[in-house]
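*Asks:* Test case, fold it:
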Amino acid sequence: MISLASLAAGLFLAGCAGINPYYDDAKPHHRREGFVNNYPSNPAYRRPQTGFIEGWVARVKNWASDGSERLPLAPIPVRKPDLAFIHANKAQPALTWIGHASFLLQTGGGLNILTDPVFEERASPLSFAGPKRHQPPGLAVAELPHVDAILISHSHYDHLSQESLRSLYRQAGGPPLLVAPLGVDVWLEENVTDGDRSRIVRLDWWDKVALRGHEIRLLPVMHWSARTPWDRNATLWGAYAVTRPGFSFFFSGDLGYSRDIADIAAQYAGFDLAAIGIGAYQPVWYRNSHVSPDEAVRIHRELKVKRSVGMHWGTFPMGQERLDQAPRDLAVARKAQGVADEDFFVMAIGETYKPRP
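*Replies:* You can find the predicted model right below:
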């Protein structure tokens, strides 16, 4: 268990390192102390003005809440994982929802890829406070097939877990490739791999890495990063595209709706499958860094995705809406925008979705 004293000391030391080791003055999203978004946020989503102390008091109060006001109105769907299929599958694209933003993507080209794996009970630096998992992960670490690569979208605790990554890095059969935005690679080296950089790939926006016939590319989206009160935007964030001949996948990570979506659409003819966040959109100022279900459907349409899965709901209470509100609002958004139910849907935790050819 992390003590308050050790946490405070760690946060202080983390706050002392404020230089961006990858600063490039030729890139508009780079700053000497970190990174910024490509585009300004929507003025309609402006966050109410609060002081530094007031803001953190509100966060601590939110973390200390028992979460009863965000409990689902109905049980979150859970399904027993099809472990026989998952372990035998090499040739069929498939997506298994572990919970929140954690998926096992089987590309159909022989790769097993995890996105933002978090298996802990809390998405927090503290073992006794912070957003608590509503139900166990759909797959346990021990139930996973050998993982070839892990895609990390950014540094927030509900997307980047030291304990989970250390366990996965020490899997039988050798460590996975850890793919991360600029700066997160430094954290991985210090906290996960014990100084070994041989299995870490760092990416800037639009950079890509090839892996056994696949291309993995980090894409620009509107968000932010932090693990302490003092390191806001010190590391980069992003979405991912995973492509191979005959199959393409988009993983949104966390994002607010912005012109970045049009920029991504200009680079890709469309995607066969996508996992797009639909939760943590209330209060309205959360939409500076998350999308509402309505905006998620717009992203689905603008990126020309054949099938999209809604994520970032039903697991950790990150927004002020109920844990199961997002799927209900997604149904309204689909109807309003003329998108078929089967084209943008939600999965049960533990369920495996197999896209039709």
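*Asks:* and the closest residue to Val184 other than its chain neighbours, how many neighbours does it have?
*Replies:* Residue nearest to Val184 in three dimensions, not counting chain neighbours: Thr235, with 4.9 Å by C-beta to C-beta, 6 or more residues apart in numbering. In this view, the C-beta of every residue, glycine as well, is placed from N, C-alpha and C. When counting by other C-beta atoms under 10 Å, one arrives at 26 neighbours for Thr235.
*Asks:* which residues of the stretch 251-357 of the chain fall in strands?
*Replies:* 271-277, 305-311, 344-345, 352-353 (DSSP state E, counting those that start in this stretch).
*Asks:* List the neighbouring strands of the second one plus their orientation.
*Replies:* To tie it back to what came earlier, the one meant is strand 305-311. strand 271-277 (parallel), strand 344-345 (parallel) (DSSP bridges).
*Asks:* all helices for the stretch 101-250 of the chain, in order.
*Replies:* 162-169, 184-191 (DSSP state H, counting those that start in this stretch).
*Asks:* Tell me which of these is the most buried.
*Replies:* A comparison of the helices of the stretch 101-250 of the chain by mean neighbour count, using mean count of other C-beta atoms under 10 Å, puts helix 184-191 on top with a mean of 19.
*Asks:* quick check: mean pLDDT across that helix?
*Replies:* The pLDDT scores in helix 184-191 average 98.
*Asks:* Packing partners of it?
*Replies:* helix 162-169, strand 177-181, strand 200-203 (3 or more C-beta pairs under 8 Å, 6 or more residues apart in numbering; DSSP states H and E).
*Asks:* if you set the cut-off to 6 Å instead, what comes out?
*Replies:* Judged by 3 or more C-beta pairs under 6 Å, 6 or more residues apart in numbering; DSSP states H and E, helix 184-191 is in contact with strand 200-203.
*Asks:* List the contacts of the strand it packs on.
*Replies:* Leu178, Val179, Leu182, Asp185, Leu188, Val209, Leu218 (C-beta atoms under 6 Å, 6 or more residues apart in numbering).
*Asks:* Please repeat the previous calculation with a cut-off of 7 Å.
*Replies:* Residues outside strand 200-203 that contact it (C-beta atoms under 7 Å, 6 or more residues apart in numbering): Leu177, Leu178, Val179, Ala180, Pro181, Leu182, Asp185, Leu188, Glu189, Thr193, Val209, Leu218.
*Asks:* now that strand: mean pLDDT?
*Replies:* On average, strand 200-203 scores 98.
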